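Chemist: Could you look at this predicted model? Sequence included:
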Amino acid sequence: MAIAFELVVNFGSEGDAARAACDLARSAAAIPVGERTIRLHEPLLASTAGSDGGSYLELSVLPVGVGWGVVLDRGHEPVRLSAAELTTLGRALYDLLATFSGYQAAKVGWDPEWQIDLAELRQDWADELATGDPTLSGLVLAEAVLADLRGRRFVPFSPGFRWIPYLGELSSTLTAG
């Protein structure tokens, strides 16, 4: 089982926007973290089944070497990061996200895919959306998405998007491998 630190983005059915985001991720510079720089893997774009039986385009952007058991990391040196360094990396991934358009939901963190499934958010996380629960820290939603469920802790992220501000990575050091 793989555990990945990543940016995941739900593009709904907006294929052109998803492909444009892939191009932006491909051209992104390596991210300075402490005394090293961390490159990004080739972005992954796939059709994903939602909890409601529908599907959406999901983009994943993974830093090289940050994770455990990630197939894309084969042949790359594992990277050991502190919580502060992971937070720096996370903030840089949100900076990259701010250059994207046309998406519905996005999140950075450890395996955050479940947090961008709009049906699951509506069905199982309505109370947390309304209160801005810290579990959803860093969740970015398009302004028109789940607007009836969002509480006052959602603030502007970038034009057309709101979020529960990212609190960073509270866990201790991870040794990837």
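Modeler: Structure received.
Chemist: Please make it C-alpha for all contacts and neighbour counts, starting now.
Modeler: Will do.
Chemist: Which parts of this structure are helices?
Modeler: Counting by DSSP state H, the segments of the chain that form helices are 15-26, 83-97, 118-124, 126-131.
Chemist: packing partners for the longest one?
Modeler: Helix 83-97 is packed against strand 31-33, strand 105-110, with contacts defined by 3 or more C-alpha pairs under 8 Å, 6 or more residues apart in numbering; DSSP states H and E.
Chemist: quick one: contacts of stretch 47-55?
Modeler: With C-alpha atoms under 8 Å, 6 or more residues apart in numbering as the test, stretch 47-55 has contacts from 12, 56, 57, 58, 117, 118, 119, 120.
Chemist: Just the buried residues of the residues you listed.
Modeler: 12, 56, 57, 58, 117, 118, 119 (16 or more other C-alpha atoms under 10 Å).
Chemist: picking up where we left off before, tell me which of the helices of the chain sits most buried.
Modeler: With neighbours defined as mean count of other C-alpha atoms under 10 Å, the helices of the chain peak in mean count at helix 83-97, which reaches a mean of 19.
Chemist: Contacts only, for residue 117.
Modeler: Counting by C-alpha under 8 Å, 6+ apart, residue 117 has contacts 10, 50, 51, 105.
Chemist: I figured residue 164 was touching residue 137, is that so?
Modeler: Yes - the pair residue 164 / residue 137 is scored as a contact, 5.3 Å apart, by C-alpha atoms under 8 Å.
Chemist: Mind checking which of these two has more residues around it?
Modeler: Comparing residue 164 with residue 137 by other C-alpha atoms under 10 Å, the one with more neighbours is residue 164, at 24 against 20.
Chemist: Which residue, other than its chain neighbours, is closest to the more buried one?
Modeler: residue 154 (4.7 Å; C-alpha to C-alpha, 6 or more residues apart in numbering).
Chemist: measure that neighbour to residue 162 for me?
Modeler: 6 Å (C-alpha to C-alpha, to the nearest Å).
Chemist: Which members of the contacts of residue 117 are the farthest-apart pair?
Modeler: 51 and 105 (14.8 Å; C-alpha to C-alpha).
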